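In: following is a predicted model, sequence given first.
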Amino acid sequence: MRLSLISLFVATLVLSGCGLPALNLITPHSGYEREKDLAYGPLPRQRLDLYHPIDARADAPMLVFFYGGGWNSGDKEAYRFVAQALAEAGYAVAIPDYRLYPEVTFPAFVEDGAAALAWLENRLEDDQSMVLIGHSAGAHIAALLAMDERYAQTAGFDRQRLQSWVGLSGPYDFLPLTDELYINIFGAADGIPDSQPVTFASADDPPALLIYGNDDEVVGARSIDQLTARLLADDVPVTAHRYDGVNHIDTVASFSVRLRDRAPAFADTLEFLATQ
């Protein structure tokens, strides 16, 4: 009973907007071994945690999760609940930190993501692939890494190792900008076309799973709709889910074992991974 009350209290905090890190309070510290604060670059924010499942799936890809936070906040430790859920399903999971505004502006945080992938490539088995997963701003980073080949070329990782990617509530087509914060991050109200993942949709892109909650008040539905249409037009395998009654946070919060009823995002992600 006490655990149930604590779980209810934490869930209420999260769903009221008080923060995803609270989910770690009700997340089991089991099912994985963690290597913490591995340096993929020389700067303080260029660190990642690597979670190794106790019961690993045979021939499973490594999953790399990029968290959100508007490109100006976030911390890998806050998303241990995501790593636990995926590790329990048998997947190795990496969660990188990356530099944030105002320390940097676009495209530095995407370049950090690319550097993390280049470092992680050296930890893969010979025939192992990677799947990128991102939420919100992290989905934007994952999308650009999956679709704009220049990041792989510059960082020196093999883009062919990217098996597929998953975007949760991601902004893929969001110009023009109206918020001063994001104008500062991306350079101008009209933004930079290269900052828009939809710009890079092409037949060479890896398969994608796109997830969106119709109650999202942060990212507009235009992003998932436009990117889905562009990928389909280029014959890229894409699965898109739009959930009624689901908001911007629910899509990632539902990875927590205590909040799976908030959205089918975790189940749909596992189903997608199983088909790759």
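Out: Yep, that arrived.

In: may I have the phi/psi pair for the spatially most central residue of the chain?
Out: The centre of the chain sits closest to residue 134, judged by Cα atoms, centre = their mean, with a distance of 1.0 Å. Taking degrees, to the nearest 10, you get phi -140, psi 150 for the backbone angles of residue 134.

In: so it touches residue 171, yeah?
Out: No. In this structure, residue 134 is not within contact of residue 171 by Cβ atoms under 8 Å, at 10.5 Å. C-beta: built from backbone N, CA, C; applies to glycine.

In: quickly list what's touching both of the two.
Out: Jointly contacting residue 134 and residue 171 under the rule Cβ atoms under 8 Å, 6 or more residues apart in numbering are residue 140.

In: list the residue ranges of this protein that fall below the pLDDT cut-off.
Out: Scanning the chain for pLDDT under 70 picks out 1-19.

In: mind listing the strands for it?
Out: 32-39, 47-53, 62-66, 93-96, 130-135, 162-168, 208-213, 238-243 (DSSP state E).

In: columns distance to residue 178 on top of the ones you listed, output as JSON lines?
Out: Below are the strands of the chain laid out as JSON lines (distance: least, Cβ to Cβ, whole Å):
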{"stretch": "strand 32-39", "distance to residue 178": "37"}
{"stretch": "strand 47-53", "distance to residue 178": "33"}
{"stretch": "strand 62-66", "distance to residue 178": "24"}
{"stretch": "strand 93-96", "distance to residue 178": "29"}
{"stretch": "strand 130-135", "distance to residue 178": "22"}
{"stretch": "strand 162-168", "distance to residue 178": "22"}
{"stretch": "strand 208-213", "distance to residue 178": "21"}
{"stretch": "strand 238-243", "distance to residue 178": "24"}
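
In: from residue 179, how far out is residue 80?
Out: For residue 80, the distance to residue 179 equals 30 Å [Cβ to Cβ, to the nearest Å].

In: tell me which of the two has more neighbours.
Out: Each of residue 80 and residue 179 has its neighbours counted (other Cβ atoms under 10 Å); residue 80 has more, 21 against 10.

In: wait, that one touches residue 27, no?
Out: Yes. In terms of Cβ under 8 Å, residue 80 counts as a neighbour of residue 27; the distance is 6.2 Å.

In: residues near the closest residue to residue 252 other than its chain neighbours, how many?
Out: Among residues not flanking residue 252 along the chain, residue 135 sits closest, at 4.2 Å (Cβ to Cβ, 6 or more residues apart in numbering). For residue 135, the number of neighbouring residues by other Cβ under 10 Å comes to 30.

In: now do the contacts for residue 228.
Out: Counting by Cβ under 8 Å, 6+ apart, residue 228 has contacts 210, 238, 240.

In: of the residues you listed - the most surrounded one?
Out: Highest neighbour count within the contacts of residue 228: residue 210, with 24 neighbours (other Cβ under 10 Å).

In: give me the neighbour count for residue 79.
Out: 25.

In: correct me, but it touches residue 65?
Out: Yes. If you go by Cβ under 8 Å, residue 79 and residue 65 touch, sitting 6.5 Å apart.

In: common neighbours of these two, please.
Out: With Cβ under 8 Å, 6+ apart as the test, residue 79 and residue 65 both reach residue 95.

In: thought residue 231 was touching residue 198?
Out: No. Residue 231 lies out of contact with residue 198 (Cβ under 8 Å); the separation is 9.1 Å.

In: only the buried residues of stretch 178-187, if you could.
Out: 182, 185-186 (16 or more other Cβ atoms under 10 Å).

In: so can I have TSV of the residues you listed showing distance to residue 61?
Out: Shown next, in TSV, are the buried residues of stretch 178-187 (distance: Cβ to Cβ, whole Å):
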residue	distance to residue 61
182	32
185	31
186	31
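
In: from these, pick the one nearest residue 101.
Out: residue 185 (4.8 Å; Cβ to Cβ).

In: leaving out sequence neighbours, find the closest residue to the closest one.
Out: residue 101 (4.8 Å).

In: residues contacting that neighbour?
Out: Neighbouring residues of residue 101 by Cβ under 8 Å, 6+ apart: 71-72, 181, 184-185.
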